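Participant: quick one, fold the following:
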Amino acid sequence: MSSHPVHTSGPPPDYRFYQELRGPKDGVCHLAFSHDGHFLAAITGQGGKVFIWDVTSFLPIPVPDDDLHCTVCTWIYLTKVHLYTLVLGSDDGRIVTWNFNARAGKFYDSHKLPMGSVGGSEAAIISLGVYSDVVNPSRNRARVAFSHGNPTEPQVSVYALSPEDGFVKIFSVKLPAKTGGHLALLDGKTGALIKENKEAPLVMASVAVNESSDAFVSMNGQDFELYRRDSLCHTSLLCTLPCDPPLVRYPKQVAFVEGSKLVVGGTDRGKANVYDTASKQLVGTLDYPLGGLVQPVATCSTEELSYIAIAGSTLQQPSRVLIWVKRHSPITRPLTSTQGGIDPLQTGSIHVSSARSTFSDVEHVLRNIFLLVFYATAIFITVTIAWLFTVRTCNEIKVLQPFRSVGDEQKFILDPHQFPGQSVNSARPHGSSVGMTPLSHTPYSSASPPSTLPFNSQFASSPTTSQPPQATTVSDDLQD
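Facilitator: Residues are numbered from 1 along each chain as shown. Model prediction:
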C-alpha cells in the first residue's frame with residue numbers, strides 16, 4: 001500500500017518557468033525533446049496530430065501534411081550530415097521519419113515502413129525507442145525498436161535506419177502472450193531470447209531507463225517504482241515514489257532528468273511530480289494552469305541546461321505545453337520570452353547557447369556574406385557610372401561655354417581681355433553682332449571657311465543655324 005507524498009508546491013530547486021507553447025486543439029498524449037533540446041514534438045490524443053516547436057525561438061515548425069494518426073515519437077540526430085530526424089509510430093502500425101530541412105525551415109517526409117509491413121500487423125505502435133539518439137552515419141546506423149499493441153500476439157521489431165537506405169530490418173519476433181510480471185532479454189542481432197525474469201513488476205504502464213542503463217523507473221498504475229538492474233535480466237526494487245490516489249487509470253509517462261538525479265512523472269491532478277532519487281522524496285511540482293489530466297512529460301539534459309516539459313491531456317480541450325529549465329553553467333546566448341509566461345532573464349538570468357553546428361547556421365552566414373558583396377558591388381558600379389556621366393557632362397559644358405544662342409544663331413562671345421584698351425562694343429558697328437570668325441580683314445563665306453577657327457569645327461555647321469554666319473570686319477584701329 002502506497003503512502004501519500006509530501007505536499008510540496010512549486011518547481012524543484014533551481015528550475016525556472018521558461019515558456020508556454022500553444023497550438024494543439026486537443027489533449028496531448030506524448031512529448032519528446034531532441035537530444036539537445038532544440039526541438040520539442042507533441043502528439044495529440046484524438047487524431048494523432050503532430051506539433052513541433054523550435055525551443056530557442058518558440059516558433060512552430062511546419063510539418064508534412066500526412067494522413068498519419070500518430071501515437072508515439074522519438075528523435076535521432078545524425079552528426080555527419082547534421083540532420084534532425086523525427087521517428088513516428090502510427091495507430092495502424094506504420095513507422096515514418098521526418099527530416100528537418102534547414103534551408104526551408106520545415107520538416108519533410110523521408111522514409112516509411114508501410115502499413116502491415118512488419119509481420120503483417122496493423123495494430124497501433126505503442127512503444128518506440130532508439131539505441132542512441134546521436135549517431136554518426138559514417139560509422140553506424142541508427143537502431144529503432146518498437147512494439148505493437150496487439151495483446152494476443154505481442155511483437156517486438158528492430159530496424160536499422162540510414163539517410164541513404166532508409167529502414168533495414170534486423171529482426172522481428174513474436175513473444176508469448178503474457179499477463180505481466182515478465183522481463184525478457186533478447187539478442188540484439190537476432191532477437192533470440194537470452195534470458196527471462198518471471199519476478200518482474202506485474203504492471204509497467206510506462207518505463208524509463210537512465211543514461212547508464214543500470215536503473216529504470218516504471219508506472220504501476222498508481223505509483224512510480226524505481227528499480228536497480230543488478231544483472232542482465234535481474235532487477236531489485238529500490239523504492240516506491242508515492243503519488244496521490246489516481247482519479248483515472250490512464251498510464252502516466254515518467255522520465256529521468258539530470259542523469260539519474262531526478263524523476264518526473266505525470267498525474268491526473270493538474271500537475272507533474274518531481275522526485276529526488278537519493279532522498280526518495282517529492283522535491284517539487286510543476287503545475288498545469290488548466291488542471292485535469294497531465295499525462296505526458298519529457299526531459300532533456302545537456303552540459304549547460306536541463307529541460308522539463310509537461311502538457312495537458314484532457315480530451316476535447318485545447319492543450320498547452322509548459323517548459324521549465326535549469327542552468328548548469330554560464331551560457332552565451334540569452335533566452336527571451338515572446339509569447340507570454342515569465343521571462344527567464346528576470347527569473348535567474350537563464351541563458352542558452354546552441355552546441356550544435358548545423359547547415360542552417362553556415363548557410364545563414366554565407367547568405368549574408370553573399371548579399372553584402374552583392375550590394376557593395378552594385379553600389380560601386382552605380383557610383384562609378386554616375387561619376388563618369390558627371391565628368392563627361394562637365395567636359396561638354398566646358399566646350400559649349402564660349403557660345404550662347406541668340407535667336408536662331410549661335411554667336412561667339414569675344415573675350416574683352418583679348419583686346420586690351422578696347423571694348424568689344426567699340427570694335428563693332430552699332431546694332432551688329434560679333435561674327436564667328438577670328439580677327440581678320442577678309443570676310444569669308446560658308447563655301448570657303450578660314451583655315452583656322454577659334455572653336456571646334458563641329459560648331460561651324462550647327463544644325464540650329466539657318467544661314468551661314470556673316471563675317472564681320474574688325475576696325476583698323478584694332479590692328480594698331
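Participant: how far away is the residue most central in space within the chain from residue 245?
Facilitator: For the chain, the residue sitting closest to the mean C-alpha position, by Cα atoms, centre = their mean, is residue 105 at 5.6 Å. Residue 105 sits at a distance of 46 Å from residue 245 (criterion: Cβ to Cβ, to the nearest Å). Glycine gets a C-beta too; all of them are placed from N, C-alpha and C.
Participant: next: residue 37.
Facilitator: With the distance defined as Cβ to Cβ, residue 37 ends up 34 Å from residue 245.
Participant: give the rounded mean pLDDT of stretch 139-153.
Facilitator: Mean per-residue pLDDT for stretch 139-153: 84.
Participant: what's the answer for stretch 261-269, then?
Facilitator: 94.
Participant: ends of that stretch, what's the gap?
Facilitator: 24 Å (Cα to Cα, to the nearest Å).
Participant: CA atoms of stretch 34-44 as PDB?
Facilitator: Once side chains and other backbone atoms are set aside, the C-alpha atoms of stretch 34-44 remain, and they are given as PDB (Å, rounded to 0.1, in the frame of the first residue of the first chain):
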ATOM      1  CA  SER A  34      15.500  16.300 -29.500                       C
ATOM      2  CA  HIS A  35      18.900  15.400 -28.000                       C
ATOM      3  CA  ASP A  36      20.000  19.000 -27.500                       C
ATOM      4  CA  GLY A  37      16.600  20.500 -26.600                       C
ATOM      5  CA  HIS A  38      16.400  22.400 -29.800                       C
ATOM      6  CA  PHE A  39      13.100  20.900 -30.900                       C
ATOM      7  CA  LEU A  40      10.100  19.700 -29.000                       C
ATOM      8  CA  ALA A  41       7.400  17.400 -30.500                       C
ATOM      9  CA  ALA A  42       3.900  16.900 -29.300                       C
ATOM     10  CA  ILE A  43       1.200  14.400 -30.400                       C
ATOM     11  CA  THR A  44      -2.500  14.900 -29.700                       C
END
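Participant: check what pLDDT the closest residue to residue 109 other than its chain neighbours gets.
Facilitator: Once flanking residues are discounted, residue 109 sits nearest to residue 64: 5.0 Å by Cβ to Cβ, 6 or more residues apart in numbering. In this prediction, residue 64 carries a pLDDT score of 90.
Participant: ok, now which ones touch residue 64?
Facilitator: Under the criterion of Cβ atoms under 8 Å, 6 or more residues apart in numbering, the neighbours of residue 64 are 98, 107, 108, 109.
Participant: wait, a strand at the third one?
Facilitator: The reference is to residue 108. Yes: remark: residue 108 belongs to a strand, assigned using DSSP: H, G, I helix; E, B strand; the rest coil.
Participant: beta partners of it?
Facilitator: In this structure, residue 108 bridges to residue 99 when assessed by DSSP bridges.
Participant: for it, list the residues it contacts.
Facilitator: Listed by Cβ under 8 Å, 6+ apart, the contact partners of residue 108 are 64, 98, 99, 101.
Participant: and with 10 Å instead?
Facilitator: Residue 108 makes contacts with 62, 63, 64, 97, 98, 99, 100, 101, as judged by Cβ atoms under 10 Å, 6 or more residues apart in numbering.
Participant: burial count for the fourth one?
Facilitator: Residue 97: 22 surrounding residues under other Cβ atoms under 10 Å.
Participant: export the helix or strand containing it to PDB, keeping only CA atoms.
Facilitator: For residue 97, the element it lies in under DSSP states H and E is strand 95-101. What follows is strand 95-101 as a C-alpha-only set of coordinates in PDB (Å, rounded to 0.1, in the frame of the first residue of the first chain):
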ATOM      1  CA  ILE A  95       6.700   3.900 -39.000                       C
ATOM      2  CA  VAL A  96       7.700   7.100 -40.800                       C
ATOM      3  CA  THR A  97      10.600   9.500 -40.500                       C
ATOM      4  CA  TRP A  98      10.600  13.300 -40.900                       C
ATOM      5  CA  ASN A  99      13.800  15.100 -41.700                       C
ATOM      6  CA  PHE A 100      14.400  18.800 -40.900                       C
ATOM      7  CA  ASN A 101      15.200  20.900 -44.000                       C
END
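Participant: and that strand, how far out from the chain's middle?
Facilitator: Relative to the chain's own centre, strand 95-101 is displaced by 15 Å; criterion: Cα atoms, centre = their mean, to the nearest Å.
Participant: for stretch 309-328, same thing?
Facilitator: The mean C-alpha position of stretch 309-328 is separated from the chain mean by 21 Å, Cα atoms, centre = their mean.
Participant: from one end of that stretch to the other, what's the distance?
Facilitator: The first and final residues of stretch 309-328 sit 18 Å from each other (Cα to Cα).
Participant: buried stuff in that stretch?
Facilitator: Residues 309-314, 319-327 are the ones in stretch 309-328 that count as buried (16 or more other Cβ atoms under 10 Å).
Participant: same question for stretch 36-51.
Facilitator: Residues of stretch 36-51 classed as buried: 36-45, 48-51 (neighbour count, 16+ other Cβ under 10 Å).
Participant: quick one: which of those residues is nearest residue 394?
Facilitator: Of all the buried residues of stretch 36-51, residue 394 sits closest to residue 38, with 59.8 Å by Cβ to Cβ.
Participant: distance of the closest one from residue 284?
Facilitator: With distances taken as Cβ to Cβ, residue 38 is found 25 Å from residue 284.
Participant: please apply the same query to residue 12.
Facilitator: Taking Cβ to Cβ as the criterion, residue 12 is separated from residue 284 by 3 Å.
Participant: what touches both of those two?
Facilitator: For the pair residue 12 and residue 284, residues contacting each of them under the criterion Cβ under 10 Å, 6+ apart are 262, 264, 273, 274, 275, 276, 308, 324.
Participant: per-residue pLDDT, the fourth one?
Facilitator: The one in question is residue 274. The predicted structure lists residue 274 with a pLDDT of 96.
Participant: and the host helix or strand of it, which strands flank it?
Facilitator: Residue 274 belongs to strand 271-276 when assigned by DSSP H and E. The partner list of strand 271-276 in its sheet, established with DSSP bridges, is strand 262-266 (antiparallel), strand 281-287 (antiparallel).
Participant: chain center to the shortest one: distance?
Facilitator: When C-alpha coordinates are averaged (Cα atoms, centre = their mean), strand 262-266 and its chain have centres 29 Å apart.
Participant: wait, a strand at residue 56?
Facilitator: No: note on residue 56: no strand contains this position according to three-state DSSP, which reports coil.
Participant: ok, it touching residue 37?
Facilitator: Yes: in terms of Cβ atoms under 10 Å, residue 56 counts as a neighbour of residue 37; the distance is 8.5 Å.
Participant: so where's the stretch 301-450 of the chain shaky on pLDDT?
Facilitator: Counting by pLDDT under 70, the stretch 301-450 of the chain has low-confidence residues at 329-364, 396-450.
Participant: can you rerun that using 50?
Facilitator: 331-360, 403-416, 418-450 (pLDDT under 50).
Participant: circling back to that earlier point, ok, which pair from the buried residues of stretch 36-51 is furthest apart?
Facilitator: Within the buried residues of stretch 36-51, 36 and 45 form the most distant pair, 27.3 Å apart (Cβ to Cβ).
Participant: next up, the contacts around residue 229.
Facilitator: 183, 209, 210, 212, 213, 214, 215, 216, 235, 236.
Participant: er, residue 258 actually
Facilitator: Under the criterion of Cβ under 10 Å, 6+ apart, the contact partners of residue 258 comprise 12, 211, 277, 299, 301, 306, 308, 326, 328.
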